[in-house]
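In: just a sequence and a predicted model for now, questions to come.
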Amino acid sequence: MTVLYPTAVQVGDRPGGLALKITVAILLAVALCPVLLVPIPAMVDYPNHLARMYLLSRDGTPDANPFYQTAWALYPNLAMDLAIPQMARVLGVENATRLFLFISQLLIVGGTFALERVAKGHNQLAGAAAVVFLYALPFTWGFVNFEFGLGIALIGIAVALVAQERSSLCRLGVHTFFVAVLFASHFFALGVYGATLGILELHRGRRKKAALHETISRLALLAVPALVLLAIMMVSSGAIGGGKTTWHFAFKAAWVFMILNGYWISVSAATMVVLVAFVYVALRQGVLKFGAAGVWLAAGFALLYLAIPSDLFGVGFADLRMIVVAAFILPAFCSLSLPDRRWSFAALACLVAIAVPNLAVVYSVWFSYRAEYAAMIHSFAKLEKNSLVLVGGSRSEDDPPFEDLTLFPIEHAPTLAVHYASAFVPDLFTAPGKQPIRARPEVERLDIPETGPIPLVILKALADGKTSDFVPLYFRTWYRDFDYLYVLGPHIENPMPDLLEELDRSSRFILYKVHRRQQ
């Protein structure tokens, strides 16, 4: 097989290499099992996505939810919304959604292997990268469309590299196909595809000493399909998100140490220290080497990471996602030499020390939430059909936002009431340009942006008549608009016994009946 981007060291089998390969295979199998073992994965956004899939699958049927309607348009981030309702006709919504997540994980793993195979002619580091980053923070937080799209992008980059010396028509066909698929899947993944190939084209131009006009024409060919799609989207009144764009430069350094684990920051930081230490020593000793293309990509990804805002058109953790992107792409453009058993043992110990604690946390959290989600679904039987359900939180606004990330997978579980009780839950994702579900006009004023549960202290203040111009309209009169209130987080005493009647509780939530006050 032609090696497109040879690295400085070509490594065959080394002492201990077989043990490392077997360990990677075992860890990959262990990493892929959780989604097959739990009904609802404990990922922050996953229950919200699942609720939306229920709505889309029942749209246009007699069982359709009366508070929501579909609003399709030409915009990205629709991978789940397009695929799962079709799959659900055979598998059911819950199984179809889990299968989509499993396919997304397989695409990440397969794409990482394919890219390294195409770039170097053999696989060496892809398996380890897939094991270590398969449950990185963006994935454990339930960014499923991004995960699916990134897997497609990795495969697309590999295919584009195979076609890079083919005719312009061939390359245009490849790019058009993957741009269309990635546009429908996730816009950030499309950006990853374009940025990676753009950097490699610049490197190719310098390596081959190509004329400037040739490099420009090759870059233009990359851009044409995306520009055509964007033009069509604008003409058809499509959109790319609708949220704010903000920078949080203070988090740039911290994200690196929080990326490996979306539940326990301490485990993430400790295992990242192990990884950084191993990479540093390996680079110093010449055991780990980057090819020229790898240096270009590393520099380009670093600049993008620094330049990209934390929230990009409503897409959260946009800069953090670049760390994951680099983790899956750079192994294809570098090589690790294992010259003796000492280094083989060090690589094996490093991989185990990083992967095992992080996978153990995933298993622990996901299995602990099986009972929580079951209790939440059981509580929906106590809701009257077609009721309005508000979600609040008992945590204080002053609590550190990342103090206990294991609390967050319960945040969107109440949105499943849109299916089990045909309820209206204002936390359901309905952002224009991101989801095709909209609240109907009669409840549109109560539809809440993606802000999370409303602090209970604010709800109590509003119920006591303490209003403010800074309080959003959608919950200013909650005590006479909503029928039920879920309070998530640590248990506290009923703060409004004259207004709220407890109906159910679990270790992570309390369900109240709201005795509506008259105006």
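Out: Received, thanks. Numbers count the residues shown, from 1 in each chain.
In: going forward, measure contacts between C-alpha atoms and count neighbours the same way
Out: Noted.
In: and Ser335, backbone torsions?
Out: As for Ser335, its main-chain torsions (degrees, to the nearest 10) stand at phi -140, psi 140.
In: what of Val487?
Out: Taking degrees, to the nearest 10, you get phi -110, psi 120 for the backbone angles of Val487.
In: hmm, it is touching Phe509, no?
Out: Yes. Counting by Cα atoms under 8 Å, Phe509 is a contact partner of Val487 at 5.5 Å.
In: residues contacting Trp141?
Out: Shown in contact with Trp141 (Cα atoms under 8 Å, 6 or more residues apart in numbering): 43-46, 262, 409.
In: please redo it, this time with the cut-off set to 7 Å
Out: By Cα atoms under 7 Å, 6 or more residues apart in numbering, the residues touching Trp141 are 43-45, 262.
In: let me have those residues in CSV, extended by pLDDT.
Out: Converted to CSV, these look like this (pLDDT from 0 to 100):
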residue, pLDDT
Met43, 95
Val44, 93
Asp45, 94
Gly262, 90
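In: out of the residues you listed, the closest to Leu473 would be?
Out: Each of the contacts of Trp141 was checked against Leu473 using Cα to Cα; the closest is Asp45, at 24.5 Å.
In: what about the closest one, distance to Val38?
Out: Distance of Asp45 to Val38, computed by Cα to Cα, to the nearest Å: 16 Å.
In: related to what we said a few turns ago, which one's more surrounded, Val487 and Phe509?
Out: Neighbours per residue (other Cα atoms under 10 Å) separate Val487 from Phe509, with Val487 holding more: 26 against 23.
In: got the domain boundaries for the chain?
Out: Domain ranges of the chain: 17-32+72-362, 383-514, per automatic domain parsing.
In: picking that back up, quick one: which of Asp45 and Val38 has more around it?
Out: More neighbours surround Asp45 than the other of Asp45 and Val38, with 23 against 15 (other Cα under 10 Å).
In: for the more buried one, what are its contacts?
Out: Listed by Cα under 7 Å, 6+ apart, the contact partners of Asp45 are 141-143, 412.
In: got it, and Tyr373?
Out: By Cα under 7 Å, 6+ apart, the contact set of Tyr373 is Ala413.
In: wait, doesn't Met53 sit right on Pro85?
Out: Yes. Counting by Cα atoms under 7 Å, Met53 does reach Pro85; the two are 6.5 Å apart.
In: one step back: which of the contacts of Asp45 tops the neighbour count?
Out: Counting neighbours by other Cα under 10 Å, His412 comes out on top of these with 25 neighbours.
In: can you pull the contacts of that one?
Out: Listed by Cα under 7 Å, 6+ apart, the contact set of His412 reads 44-45, 47-48.
In: quick one: the strands in the protein, in order.
Out: In the chain, the segments counted as strands under DSSP state E are 68-70, 288-290, 334-336, 389-393, 437-439, 454-455, 484-488, 500-505, 509-514.
In: quick one: closest of these to Gly194.
Out: If you check each of the strands of the chain against Gly194 by Cα to Cα, strand 334-336 wins as the nearest, at 20.7 Å.
In: so what touches the lowest-mean-pLDDT helix or strand in the chain?
Out: When the helices and strands of the chain are compared on mean pLDDT, DSSP states H and E, helix 212-235 comes out lowest with a mean of 74. Residues outside helix 212-235 that contact it (Cα under 7 Å, 6+ apart): 74-75, 172, 175-176, 179, 198, 201-202, 205, 239.
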